[in-house]
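Engineer: Need a 3D model of the following:
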Amino acid sequence: MEPDDVVEQYRQHAQSKGQSGKSTQLLCKAAAEQLQICATVLSDQGWRYATHADAEVHSPTATLDGKRAGFKEKSIDGVGRYWVRDMNDGREGLMVVDPSSLKGLAPVGLVVAWPQPGVVIAWVAGNPNLDQIVAVGVAKMYEASNHPISSKLYRYDGEDWVVWGEAKKPSAPE
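Structural biologist: Take a look at the predicted model:
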């Protein structure tokens, strides 16, 4: 997952390194408001974003394995639980392609955030205390990142990923 301006930023960066043509164009498409999902090339050495020069990349071939798709459950005492996936394995966008991969976390729809590269946070919305605590955490991660992705919180409505809200740090008391 990347912010919506990543394709242009990458093109400029690649050109500054002497690249040209298809190798300067990331293979991305719109995923949700202000988000791009970019294809990745996975290898034993790690992962990298695919470009239009990667002729063998056509559609996702990797999946999110296991019932929890790599998410770890966390809890806030007396408030509730949420899930974090921080594997930085190039697969954090696959739940956009296959929202059913989140069903192993909860039988109801989740709110999902991608605040920084490699990190996905998900929770069942509706508990105002949990909603606020997780949203503030997302806002802090987004602001602290040297490569922020999005402060928006998303929910899959059965057809599209739509903005559910935006994470903001609480304002300081006056």
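
Engineer: going forward, measure contacts and count neighbours with C-alpha atoms only.
Structural biologist: OK.

Engineer: Identify, by residue count, the longest helix of this structure.
Structural biologist: Longest helix in the chain, counting residues (DSSP state H): helix 128-144.

Engineer: Next, count neighbours for Asp77.
Structural biologist: Asp77: 7 surrounding residues under other Cα atoms under 10 Å.

Engineer: The one 10 residues further on now?
Structural biologist: Around Met87 there are 14 other residues, counting by other Cα under 10 Å.

Engineer: about what we covered before: next SSE after the longest helix of the chain?
Structural biologist: Next along the chain after helix 128-144, taking DSSP states H and E as the criterion, comes strand 152-156.

Engineer: re the thing from before, which residues does the longest helix of the chain contact?
Structural biologist: Contacts to helix 128-144, defined as Cα atoms under 8 Å, 6 or more residues apart in numbering, come from residues 76, 79-81, 113, 115-116, 121, 125, 148-151, 166-170.

Engineer: Tell me the buried residues within those.
Structural biologist: 113, 115-116, 121, 125, 148-151, 166-168 (16 or more other Cα atoms under 10 Å).

Engineer: one step back: can you check what angle separates the longest helix of the chain from strand 152-156?
Structural biologist: Here the directions of helix 128-144 and strand 152-156 differ by 120 degrees (axes from the mean of the first three to the mean of the last three Cα atoms, to 10 degrees).

Engineer: Quickly list the domain ranges of this protein.
Structural biologist: Split into domains by automatic domain parsing, the chain comes to 2-49, 72-166.
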